[in-house]
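Chemist: Let's see this in three dimensions:
(chains A and B)
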2 protein chains.
Amino acid sequence: MHANSSPATQQVRIDLGERSYPINIAAGLLGDPATYQNLPAASTALVVTNAVVAPLYADALRNALQPHYKRVLLVVLPDGEVHKDWPTLQLIFDALLENGCDRKTVLFALGGGVVGDMTGFAAACYMRGVPFVQVPTTLLAQVDSSVGGKTAINHPLGKNMVGAFYQPERVICDLDVLQSLPSRELSAGLAEIIKYGPIADMGFFGWIEDNIGALLARDPAALAHAIRRSCEIKAHVVGQDERENGLRAILNFGHTFGHAIESGLGYGRWLHGEGVGCGMVMAARLSQRLGLVDDAFVERLRALIQRAGLPVTGPRLSPEDSAGRYLALMRVDKKAEAGEIKFVVIAAPGSAMVRSAPDALVREVIDASCD
Amino acid sequence: MHANSSPATQQVRIDLGERSYPINIAAGLLGDPATYQNLPAASTALVVTNAVVAPLYADALRNALQPHYKRVLLVVLPDGEVHKDWPTLQLIFDALLENGCDRKTVLFALGGGVVGDMTGFAAACYMRGVPFVQVPTTLLAQVDSSVGGKTAINHPLGKNMVGAFYQPERVICDLDVLQSLPSRELSAGLAEIIKYGPIADMGFFGWIEDNIGALLARDPAALAHAIRRSCEIKAHVVGQDERENGLRAILNFGHTFGHAIESGLGYGRWLHGEGVGCGMVMAARLSQRLGLVDDAFVERLRALIQRAGLPVTGPRLSPEDSAGRYLALMRVDKKAEAGEIKFVVIAAPGSAMVRSAPDALVREVIDASCD
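Modeler: As a prediction, this is how the structure comes out:
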């Protein structure tokens, strides 16, 4: 993995052998036909988006694709995590088959993480695999779902339970789309960016501390650097463990607690990034109780998460035994093995590891971290 | 790819780098616990089968798996191609999630091609991929779906349109299960075996001609040789083109015409192998009209297909313009590109290639091959 800088476009190259691809980062990419040059040849493109994003960007993307394809089709999915399911996925397959799309058809995912995950999974499955391009329109999707090839839909009994590892041809991170992002979603994206500090790079963490004001003010240069560095770190980890057999699990720092919050409150109450933000405080506190890091480190992380506009105190998930409810929810996490919860903890600032922990200690951490 | 022989078990090794696996061929394998040694460690196995196969073999397989797993679960799907769809696939995910199955759970596909394709696709998607083992119970599944990693379900607008390339850990071909197979299904399996002669190995074709009586009489030694040689040839082709970008298409010899017959009559009227048998006669005749092979070759192939108990004359698919209907159906085939039909033809006996052909010539072939 290496990075090129130019005044115009920054690029992170994801090296996965024959499934390698670039992430291009700059303002104004989405509506520029040059952005989509040299993709696999095809007669048809299908843009997949949702009802919120379509009015903002669908025309601009379709116009930019027109010079490259005979047909540019559009599918508009209903918005929201609640529609990340099979009936909605089927809308994509219906559009492909009703229009006689062959196995060279290129899919374009225009939207946030849900659209990206669903479009990627549809591309993985349609005729056993067609090419797709990610055009993420949230900060979270630009730093997170654009690297790693994870695609999925939800099952009534679990989130992201049905999916595939499948890599895009290219990821287009247009900085302009971040200007109109609601601030709660901007903060949610910052949670995943902050994450890369404690697990991999405390130098980057210091840079975020120094530039959190510029990031919240949506300064394009600051956002471009944060996106690029996050993608570089994630790419470095994923490149060593594409199918999540080991190292890659450290990317889930904060997610085990965070998923419990999201699931316990009902999906959609907290944004994913908000759960991760608060979950990182809990996971750091667990690391401290395990004797791995000191109080000062936990406080430093907590302070930055709070400055980023994210919650740092967890909700009670049950009137009687809130910690017990957290534990029960964490035991059904995909990372759990035979009912044992695997926590991502900070081994030392800038370095993470996966381990289990005694229930009593986890209860202490939850009780200390909740209202 | 290489083969080992022993009096007990014959083995074909499918070499696909880290996704390599063995096909074991012998009588009595299904119910023997030793068959399932050294699979990836897991606490739970899930056997997926259908309502026809379950009463015959589910108990034997579950008993053989008991020594290796804490839990051996069972899902019984409704039988038939018409159930190769999402709601039926969902039954597998439901069982996995209701039983809290983690990402180490091993799936066992016990049945014919439909069960194998669905179980394989469920394994490919559950938590983005869990291990699975094929235990095919038809001759067709033993020679065909056990090699190549193709998994899929049907979409209302097309067969096998939603799926994945995903390799099993092991394939278990028990010759005993073939003794109770209906003779129409035995013949359907022989169609795919015969196919390997004209596309790859005329020596094997001669062996089949000499042994067609033994094969129809279900002689275990003859069946073992036919299965092994078919798997070897298929493995050799797939090993060079795992994701079907080129050479692998030759394995579809007879399938373009055959799929049109299956689809035109309504799926289930003709067995897949019956469509392929008749389709090979048509594709051979097309090869002859293109000047690639002579009349004697077409007649030799037709005669063997007929001796195997397979149809060699196609059905009329429309009272007015039967050939036109064949052409329309073939244009929506997955192999078609921008509406141009790609035919697998015999370049010379023992060697195949993919090419298009003038509609007028294809019409001649269809008219000459139908009632």
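
Chemist: Mind listing what's buried along stretch A:308-326?
Modeler: Judged by neighbour count (16 or more other C-beta atoms under 10 Å in any protein chain shown), stretch A:308-326 contains these buried residues: A:308, A:309, A:310, A:311, A:312, A:314, A:316, A:317, A:322, A:323, A:325, A:326. The C-beta positions use only the backbone N, C-alpha and C, and glycine is treated the same way.

Chemist: Where does the fifth one sit: helix, strand or coil?
Modeler: Read that as residue A:312. coil (DSSP: H, G, I helix; E, B strand; the rest coil).

Chemist: show me what contacts the closest residue to residue A:288 other than its chain neighbours?
Modeler: Among residues not flanking residue A:288 along the chain, residue A:298 sits closest, at 5.1 Å (C-beta to C-beta, 6 or more residues apart in numbering or on different chains). Residue A:298 makes contact with A:281, A:284, A:285, A:287, A:288 under the criterion C-beta atoms under 8 Å, 6 or more residues apart in numbering or on different chains.

Chemist: Model confidence for residue A:82, exactly?
Modeler: Listed pLDDT for residue A:82 reads 89.

Chemist: how about the residue lying farthest from the centre of chain A, phi and psi?
Modeler: In chain A, the residue that sits farthest from the middle, by C-alpha atoms, centre = their mean, is residue A:320; the gap is 33.3 Å. Backbone dihedrals for residue A:320, given as degrees, to the nearest 10, come out at phi -90, psi -60.

Chemist: Can you give me the pLDDT of it?
Modeler: For residue A:320, the model assigns a pLDDT of 90.

Chemist: show me the contacts for the residue in the stretch 101-250 of chain A that chain B sits nearest to.
Modeler: Ranking the residues of the stretch 101-250 of chain A by distance to chain B (C-beta to the nearest C-beta) places residue A:157 first, at 3.9 Å. Contacts for residue A:157 (C-beta under 8 Å, 6+ apart) come out as B:94, B:97, B:98.

Chemist: Filter those residues down to just the ones in strands.
Modeler: Among those, no member falls in strands (DSSP state E).

Chemist: of those residues, list those near chain A.
Modeler: B:94, B:97, B:98 (C-beta under 8 Å from any C-beta of the partner chain).

Chemist: residue contacts, the first one?
Modeler: Taking C-beta under 8 Å, 6+ apart, we find residue B:94 in contact with residue A:157.

Chemist: distance of it from residue A:156?
Modeler: Shown here: residue B:94 relative to residue A:156, a distance of 8 Å by C-beta to C-beta, to the nearest Å.

Chemist: Name the helix or strand for residue A:73, please.
Modeler: strand A:71-77 (DSSP states H and E).

Chemist: Parallel or antiparallel, which strands does that strand pair with?
Modeler: Note on strand A:71-77: by DSSP bridges, its sheet partners are strand A:44-50 (parallel).

Chemist: Can you tell me which helices and strands the strand or helix carrying residue A:189 packs against?
Modeler: Element membership for residue A:189, per DSSP H and E: helix A:183-200. Contact here means 3 or more C-beta pairs under 8 Å, 6 or more residues apart in numbering or on different chains; DSSP states H and E; on that basis helix A:183-200 packs against helix A:139-140, helix A:202-216, helix A:220-240, helix A:272-289, helix A:295-307, strand A:343-348, strand A:351-355.

Chemist: contacting residues around residue A:130?
Modeler: When contacts are counted by C-beta under 8 Å, 6+ apart, residue A:130 is found next to A:101, A:103, A:104, A:105, A:106, A:107, A:123.

Chemist: ok, residue A:152 to residue B:112 distance?
Modeler: 29 Å.

Chemist: between these two, which one's more packed in?
Modeler: Legend: neighbour count by other C-beta atoms under 10 Å in any protein chain shown for residue A:152 and residue B:112, higher for residue B:112 (27 against 21).

Chemist: Domain-wise, how is chain A divided?
Modeler: The record's domain split for chain A, according to automatic domain parsing, is A:3-180, A:194-369.

Chemist: Out of the ones you listed, which gets nearest to residue B:349?
Modeler: For the domains of chain A, proximity to residue B:349 was assessed by C-beta to C-beta; domain A:3-180 is nearest, at 30.2 Å.

Chemist: Spell out which parts of the stretch 1-150 of chain A neighbour chain B.
Modeler: For the stretch 1-150 of chain A, the contact set with chain B under C-beta under 8 Å from any C-beta comprises A:43, A:86, A:90, A:93-94, A:97-98, A:100, A:102-104, A:124-129, A:150.

Chemist: now those: which count as buried?
Modeler: Applying 16+ other C-beta under 10 Å to those, the neighbour count classes A:86, A:93, A:97, A:100, A:102-103, A:124-129, A:150 as buried.

Chemist: I'd like these as CSV, with secondary structure and distance to residue A:226 appended.
Modeler: Shown next, in CSV, are these (DSSP: H, G, I helix; E, B strand; the rest coil; distance: C-beta to C-beta, whole Å):
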residue, secondary structure, distance to residue A:226
A:86, helix, 35
A:93, helix, 36
A:97, helix, 40
A:100, coil, 43
A:102, coil, 39
A:103, coil, 37
A:124, helix, 29
A:125, helix, 33
A:126, strand, 34
A:127, coil, 37
A:128, coil, 37
A:129, coil, 32
A:150, strand, 21
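
Chemist: Mind telling me the two of these farthest from one another?
Modeler: It's A:100 and A:150 that sit farthest apart of those, by C-beta to C-beta, at 29.8 Å.

Chemist: tell me the centre residue of chain A?
Modeler: Geometric middle of chain A (C-alpha atoms, centre = their mean) lands on residue A:144, at 3.0 Å.

Chemist: Quick check, that one in contact with residue A:190.
Modeler: No: using C-beta atoms under 8 Å, residue A:144 makes no contact with residue A:190, being 11.4 Å away.

Chemist: Now render the ones next to chain A among the contacts of residue A:157 as CSV, adding pLDDT.
Modeler: CSV is the format used below for the ones next to chain A among the contacts of residue A:157 (pLDDT from 0 to 100):
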residue, pLDDT
B:94, 97
B:97, 95
B:98, 94
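
Chemist: Among those, pick out the one closest to residue A:12, please.
Modeler: Taking C-beta to C-beta as the measure, residue A:12 lies nearest residue B:97 of the ones next to chain A among the contacts of residue A:157, at 35.4 Å.

Chemist: Could you double-check that that closest one sits in contact with residue A:161?
Modeler: Yes: with contact defined as C-beta under 8 Å, residue B:97 and residue A:161 form a contacting pair (6.3 Å).

Chemist: Mind listing the shared neighbours of the two?
Modeler: residue A:155.

Chemist: rewinding a little: can I get the contacts of residue A:130 in JSON lines including secondary structure?
Modeler: Below are the contacts of residue A:130 laid out as JSON lines (three-state DSSP):
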{"residue": "A:101", "secondary structure": "coil"}
{"residue": "A:103", "secondary structure": "coil"}
{"residue": "A:104", "secondary structure": "coil"}
{"residue": "A:105", "secondary structure": "coil"}
{"residue": "A:106", "secondary structure": "strand"}
{"residue": "A:107", "secondary structure": "strand"}
{"residue": "A:123", "secondary structure": "helix"}
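
Chemist: Name the nearest of the residues you listed relative to residue A:68.
Modeler: The shortest gap between residue A:68 and any of those belongs to residue A:106, at 8.8 Å (C-beta to C-beta).

Chemist: who's that closest one bridged to?
Modeler: residue A:45.

Chemist: For it, give me its contacts.
Modeler: When contacts are counted by C-beta under 8 Å, 6+ apart, residue A:106 touches A:39, A:40, A:42, A:44, A:45, A:46, A:69, A:130, A:131, A:132, A:133, A:169.
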